[in-house]
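[1] here's a sequence, model it:
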Amino acid sequence: MKSGKRYAEAFKNVDRTALYDVADAIALVKKNASAKFDETVELHIRTGCDGRHADQQIRGAVVLPHGTGKTVRILVFAKGPKADEAQAAGADYVGAEELIPKIQNDGWLDFDVVVATPDMMGVVGRLGRVLGPKGLMPNPKAGTVTMDVTKAINDIKAGKIEYRLDKTNIIHVPVGKASFTEEQLADNFQTLMDAIIKAKPSTVKGAYLKSVAMTSTMGPGVKLNVAKLVN
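    Below you'll find the model as predicted:
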């Protein structure tokens with residue numbers, strides 16, 4: 001299997017016992033991204049939070065200075081003038097109640113982000129079982145429940161990403177593509193980490209960032225020196 005052999009070669013490049021500086025980690029992840037497609041560079045941040053407690057939940061959004069390298073399809077739930085505004089701002093899909101059966105019954109999910117005006121959340125709430133597990137439910141903290149649909153759409157198109165704890169208290173988030181320059185990835189990484197460090201809940205006991213690993217879609221993880229990130 002070619003991919004297995006390629007992964008094994010990349011794995012050899014990584015010292016599993018080492019904690020890498022950011023610049024070295026980025027260079028290594030780029031070197032190991034040898035797939036035939038442009039791999040996504042991701043961060044996996046293990047936190048000391050306990051997401052079962054509401055005051056230790058982490059959820060927010062940040063605009064990466066160089067974007068994600070991905071074309072994002074945006075669905076906006078809005079009516080009247082706000083629907084017209086969303087169309088003008090470049091939303092890929094705009095609608096209201098008529099989209100419920102399409103998503104619920106037909107399994108239509110050809111979108112990456114959902115934005116809604118506050119008055120539409122009663123409608124969108126009916127899709128909770130479908131959108132929730134996929135992380136697509138609009139949320140005020142992520143800026144996706146808003147009357148300013150133009151700003152929301154512009155931010156998302158510019159490279160806005162959402163970060164949140166999963167059930168194991170880990171944050172998984174993209175910071176760009178393997179084709180990005182090392183400087184672009186470093187800028188995106190720093191912007192994201194600044195936001196996550198700022199989002200630290202005051203009730204967290206012990207280490208906030210337990211481990212941070214950077215990887216490409218098909219490559220092995222590279223562990224970062226957490227002590228240097230928080231100081």
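[2] so what's the nearest residue to residue 151 once chain neighbours are set aside up against?
    Using CB to CB, 6 or more residues apart in numbering and skipping the chain neighbours, the partner closest in space to residue 151 is residue 143 (8.0 Å). In this view, the C-beta of every residue, glycine as well, is placed from N, C-alpha and C. Residue 143 makes contact with 61, 151, 152, 155, 160, according to CB atoms under 8 Å, 6 or more residues apart in numbering.
[3] what's the pLDDT at residue 143?
    Among the per-residue scores, residue 143 holds a pLDDT of 90.
[4] now a ChimeraX select for only the buried ones of the contacts of residue 143.
    Under the burial definition 16 or more other CB atoms under 10 Å, those of the contacts of residue 143 that qualify are selected in ChimeraX by:
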select :61,152,155,160
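[5] now the contacts of residue 143 as CSV including secondary structure?
    Rendered in CSV, the data for those read as follows (DSSP: H, G, I helix; E, B strand; the rest coil):
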residue, secondary structure
61, strand
151, helix
152, helix
155, helix
160, strand
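[6] let me know the closest of the contacts of residue 143 to residue 38.
    Looking at those and their distance to residue 38, the nearest is residue 160, at 20.0 Å (CB to CB).
[7] hmm, back to that, which of the contacts of residue 143 sit farthest apart?
    Pairwise distances across the contacts of residue 143 (CB to CB) peak at 12.0 Å, for the pair 61 and 151.
[8] can you name the element that comes right after the longest helix belonging to the chain?
    Of all the elements of type helix in the chain, the one with the most residues (DSSP state H) is helix 182-198. Proceeding C-terminally, helix 182-198 gives way to strand 209-216 as the next helix or strand, assigned by DSSP states H and E.
[9] what mean pLDDT would you report for that next one?
    Computed over strand 209-216, the average pLDDT equals 94.
[10] what strands flank that strand, and is each parallel or antiparallel?
    Using DSSP bridges, the neighbouring strands of strand 209-216 in the sheet come out as strand 40-47 (antiparallel), strand 222-223 (antiparallel).
[11] wait, which of those strands is closest to residue 32?
    Shortest distance between residue 32 and those, using CB to CB, is found for strand 222-223: 8.1 Å.
[12] how far does the closest one sit from the chain's center?
    Taking CA atoms, centre = their mean, to the nearest Å, the mean C-alpha location of strand 222-223 is offset from the chain mean by 19 Å.
[13] and the following helix or strand past it, what does it pack onto?
    Going down the chain from strand 222-223, the next helix or strand is helix 226-230, by DSSP H and E. When contacts are defined as 3 or more CB pairs under 8 Å, 6 or more residues apart in numbering; DSSP states H and E, helix 226-230 sits against helix 182-198, strand 209-216.
[14] now these in a markdown table, with mean neighbour count?
    Formatted as a markdown table, the helices and strands packed on helix 226-230 follow (neighbours: other CB atoms under 10 Å):
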| stretch | mean neighbour count |
| --- | --- |
| helix 182-198 | 18 |
| strand 209-216 | 20 |
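[15] show me the strands in the protein, by range?
    In chain order, the chain shows strands spanning 40-47, 59-63, 74-77, 93-95, 113-116, 160-164, 170-177, 209-216, 222-223, with DSSP state E as the criterion.
[16] how distant is the second one from the center of its chain?
    Relative to its chain's centre, strand 59-63 lies at 8 Å (CA atoms, centre = their mean).
[17] export that strand as PDB, just CAs?
    Taking Å, rounded to 0.1, in the frame of the first residue of the first chain, the C-alpha atoms of strand 59-63 are listed here in PDB:
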ATOM      1  CA  ARG A  59     -16.300  27.900  22.000                       C
ATOM      2  CA  GLY A  60     -15.500  30.800  19.800                       C
ATOM      3  CA  ALA A  61     -14.300  31.900  16.400                       C
ATOM      4  CA  VAL A  62     -11.400  33.700  14.900                       C
ATOM      5  CA  VAL A  63     -10.500  35.000  11.500                       C
END
